[in-house]
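>>> everything below, folded, please.
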Amino acid sequence: MLGGAAAAALVGTNNSEFMMAIPRNKLCGLVAATFTPMTQDNEINLSVIGQYVDYLVKVQGIKNIFVNGTTGESMSLTVEERKLLAEEWISQGQGKLDQVIIHVGSLCIKESQQLAKHAAEYNASGIAVISPFFFKPQSIEALTEFLKEIASAAPNIPFYYYHLPEFTGVSLNVVELLDGIEKRIPTFQGVKFTSSDLLDFGQCVHKYKDRFALLYGKDELLLSAMVLGASGAVGSTYNYIGDFCNKMLTVTERGDFNMAREHQALVQEFIGFVNRFGFGVAENKATMMLVSGIPLGPPRLPLLKCSEEKQAKILAKLKILGILT
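Numbers count the residues shown, from 1 in each chain. Modelled structure (predicted):
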């Protein structure tokens, strides 16, 4: 289920250079970007993760997850908290989930390397890294070098780049990053592409669909990305409307684009509605609690808790649209 890739051979004792690429472990379909459960005192709450896994698998039909990403409030967590969460998700997902990808990105490359090594030790299916966003890489070369140094800390598991220019301010073209990346990072296996730049994404698919997992990250544009040839998608709403979105993928695969457009239009109407009064991690997390009944707690400051009035509007809209029955 998790991990299991053959170890890469290394040159001497320098982990920054690889000789051998690991076997392909193609990630596809819907991937839920998981929320981090918190107590009311803002401490991480590991006790509900088993319940969370069962809900994703049994109710939403989701068997792949992306842990400690934006939705998981990773940049508000300590390194130790992120390690504990990774361990628990991997443990609880054993035998139930197909892949558990651990995001290990940080503003500090040493922290990212530490988190990467830890994820590998606990047999994560792969690791992902976002670009640093305070001191930003100014070129493809700088970004590639940064990613390579982190990937080299975990040379026996798949590595993914997490592209999120709206948050990071790093808008380098991903298709240029992918050109020749396997020579620099042999463990590289794909991208979580969270941008509305479908030109760049389409070029990535055209050139690299058969080589990399190209996972789209804008839930409201899922159908467009799938028509372009995306391998799958990573998103927060798949936590609680994954079953609905899986149905959209099914009718798309059947060639019933009229029905697929109807499904996507409903998702777009929901996201557009909540965007008008704010739909960030706090609102998403509150929606997951309302739909699933799993106590996930509040977000961590500086994010503020979603108001009860806003929660009621969100839940009512899901029911009016028929996304939830």
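>>> when you work out contacts or count neighbours from here on, use the C-alpha atoms and nothing else.
Will do.
>>> pLDDT below threshold where in the stretch 201-325 of the chain?
325 (pLDDT under 70).
>>> show me where it has strands.
213-216, 232-235 (DSSP state E, counting those that start in this stretch).
>>> ok, and which of those has the densest surroundings?
strand 213-216 (a mean of 28; mean count of other Cα atoms under 10 Å).
>>> quick one: it to chain centroid distance?
In terms of Cα atoms, centre = their mean, to the nearest Å, the centre of strand 213-216 is found 10 Å from the chain centre.
>>> what lines up beside it in the sheet?
strand 188-193 (parallel), strand 232-235 (parallel) (DSSP bridges).
>>> residues contacting the residue nearest to the spatial centre of the chain?
Centroid-nearest residue in the chain, with Cα atoms, centre = their mean: F66, separated by 4.1 Å. F66 is in contact with 31-34, 100-103, 234, counting by Cα atoms under 8 Å, 6 or more residues apart in numbering.
>>> redo that, cut-off 6 Å
Contacts for F66 (Cα atoms under 6 Å, 6 or more residues apart in numbering) come out as 33, 101-102.
>>> got it, and F146?
Counting by Cα under 6 Å, 6+ apart, F146 has no contacts.
>>> mind telling me what element it is part of?
Using DSSP states H and E, the element containing F146 is helix 140-151.
>>> what average pLDDT does that helix get?
Helix 140-151 shows a mean pLDDT of 97.
>>> how far off centre is it?
19 Å.
>>> now it - C-alpha only, CSV.
Only the C-alpha atoms of helix 140-151 are listed here, as CSV (Å, rounded to 0.1, in the frame of the first residue of the first chain):
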residue,chain,number,x,y,z
ILE,A,140,14.0,27.5,-12.8
GLU,A,141,17.6,26.7,-11.9
ALA,A,142,17.2,28.0,-8.3
LEU,A,143,13.9,26.2,-7.8
THR,A,144,15.3,22.9,-9.2
GLU,A,145,18.4,23.1,-7.0
PHE,A,146,16.2,23.7,-4.0
LEU,A,147,13.9,20.8,-4.8
LYS,A,148,16.9,18.5,-5.5
GLU,A,149,18.4,19.1,-2.2
ILE,A,150,15.2,18.1,-0.4
ALA,A,151,14.5,15.1,-2.6
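>>> how about that helix: buried residues?
Buried residues in helix 140-151, defined by neighbour count with 16 or more other Cα atoms under 10 Å: 143-151.
>>> nearest to L178 among these?
Proximity of the buried residues of helix 140-151 to L178 (Cα to Cα) peaks at T144, which lies at 9.3 Å.
>>> so which of the strands of the stretch 201-325 of the chain comes closest to I90?
Here strand 232-235 is closest among these (Cα to Cα), at 17.7 Å.
>>> still on that earlier bit, can you redo the contacts of F66 as TSV with distance to D54?
Shown next, in TSV, are these (distance: Cα to Cα, whole Å):
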residue	distance to D54
A33	15
I101	17
I102	19
